[in-house]
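Participant: sequence and predicted model, in that order:
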Amino acid sequence: MLTLIRGLGRFSLEVFQTLGRAGRLWWMSIVRRPRLSNLPLIIRQVYQLGVLSVVITVLSGFSIGAVLALQGYDQLVQYGTESALGLGVALVLVLEIGPVVSALLFAGRAGSAVTAEIGLMKATEQLTSMEMMGVDPMQRILAPRLWGGFIALPLLALMFSVVGIWGSAVIGVEWLGVHEGTFWSTMQDGVDFVRQVMKGVIKSVVFGLVVTWIAVFQGYDAIPTSEGISSATTKTVVYSSVSVLVLDFFLTLMMFDY
């Protein structure tokens, strides 16, 4: 029994110490001294994390939108309500699948890359060299990546939803024969910008903050060896994915006042 209590206490201390280090990193790189001189670096990170993730986002969005159209039509046509296909697909993409799947793709593609890059800088003592030259690595390396991911993910989520709706229209209208006017008009009438679209945007903003924070912290806190960087990269993908799914539940719970 005492061994179990000691183990729980040791685990709790490690969790709180990790959260403390992560919070300190966020404070030191973002909150304490925001700098406009970092803008070119932030733009570069938006390109690295966002623009280079466009291809996988577009392909995934189109594929998922097409699959939703196929499965949705198969169910709706049984009740003669296939005219609601556009509305159903749009709501699912904007509220749920768009933000969540975009965040999971972002964690796997961009988050792991950020962790590996920062971990390699730490292993090769580039961060220490910057400190010796009077350059703050928090502002030069970490802050631009935090801001870049925070900006890029909501844009990717919006792109994912738009392309997904387009994919569902291609399948639903061009292939399955749903009336084009009905497809788009029901979607326009049923999807409200404030009540639905903004909820999805809020989710993607929160996911962008959390996923990028985890990626940057894991890289900065990684053990400076090849094994340590590999472990940190794995943790980034796992922790980010679990965090997105758990946060999605609580955000949905708060947004819909259950």
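Facilitator: Sure, I can see it. Note that the coordinates shown come from a computational prediction; the quantities given were computed from them, not determined experimentally.

Participant: so where's the chain uncertain?
Facilitator: Low-confidence segments of the chain, defined by pLDDT under 70: 1-2, 11-12, 15-16, 18-20, 22-37, 257-258.

Participant: where along it do the helices fall?
Facilitator: For the chain, applying DSSP state H gives helices covering 2-26, 39-49, 54-76, 85-92, 98-106, 112-123, 126-132, 137, 143-169, 180-190, 198-220, 226-255.

Participant: quick one: contacts for residue 206?
Facilitator: Contact analysis of residue 206 by CB atoms under 8 Å, 6 or more residues apart in numbering lists 247, 251. Any C-beta I mention is one placed from the backbone N, CA and C, and that applies to glycine too.

Participant: separation between it and residue 158?
Facilitator: For residue 206, the distance to residue 158 equals 15 Å [CB to CB, to the nearest Å].

Participant: swap in residue 42?
Facilitator: From residue 42 over to residue 158 the distance is 19 Å, taken as CB to CB.

Participant: again, but for residue 66
Facilitator: Residue 66 is 19 Å from residue 158, by CB to CB.

Participant: now swap in residue 134 and tell me
Facilitator: Look at residue 134 and residue 158: by CB to CB, they are 40 Å apart.

Participant: please say which of these two ends up with more neighbours.
Facilitator: Per other CB atoms under 10 Å, whichever of residue 134 and residue 158 has more neighbours is residue 158, with 19 against 6.

Participant: right, and residue 42 touches residue 147 too?
Facilitator: Yes: using CB atoms under 8 Å, residue 42 is in contact with residue 147, at 4.6 Å.

Participant: count of neighbours near the nearest residue to residue 248 once chain neighbours are set aside?
Facilitator: With sequence-adjacent residues excluded and distances taken as CB to CB, 6 or more residues apart in numbering, residue 248 is closest to residue 100, at 5.5 Å. By other CB under 10 Å, 21 other residues sit near residue 100.

Participant: wouldn't residue 100 be in contact with residue 243 here?
Facilitator: No: in this structure residue 100 lies outside contact range of residue 243 using CB under 8 Å: 11.4 Å.

Participant: so what's the closest residue in space to residue 120 that isn't next to it in sequence up against?
Facilitator: Of all residues not flanking residue 120 in the chain, residue 229 sits nearest, at 6.3 Å (CB to CB, 6+ apart). Contact analysis of residue 229 by CB under 8 Å, 6+ apart lists 115-116, 119-120, 123, 219, 222-223.

Participant: and those residues as a markdown table, adding neighbour count and distance to residue 14?
Facilitator: Listed next are these as a markdown table, based on neighbours: other CB atoms under 10 Å; distance: CB to CB, whole Å:
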| residue | neighbour count | distance to residue 14 |
| --- | --- | --- |
| 115 | 30 | 19 |
| 116 | 19 | 23 |
| 119 | 26 | 19 |
| 120 | 15 | 25 |
| 123 | 16 | 22 |
| 219 | 27 | 19 |
| 222 | 25 | 16 |
| 223 | 14 | 14 |
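
Participant: among those, which two are most distant?
Facilitator: 116 and 223 (13.3 Å; CB to CB).

Participant: what do those two both touch?
Facilitator: By CB under 8 Å, 6+ apart, residue 116 and residue 223 have these common neighbours: 229, 232.

Participant: in the chain, which residue is closest to the centre?
Facilitator: When the chain is reduced to its mean C-alpha position, the nearest residue by CA atoms, centre = their mean turns out to be residue 103, at 2.5 Å.

Participant: let me know how buried residue 140 is, in neighbour terms.
Facilitator: 16.

Participant: for residue 164, same thing?
Facilitator: By the criterion of other CB under 10 Å, residue 164 has 30 neighbours.

Participant: next: residue 142.
Facilitator: For residue 142, the count of nearby residues is 23 (other CB under 10 Å).

Participant: start the count at 839 instead of 1 going forward.
Facilitator: Taking 839 as the first residue, the last one we looked at is residue 980.
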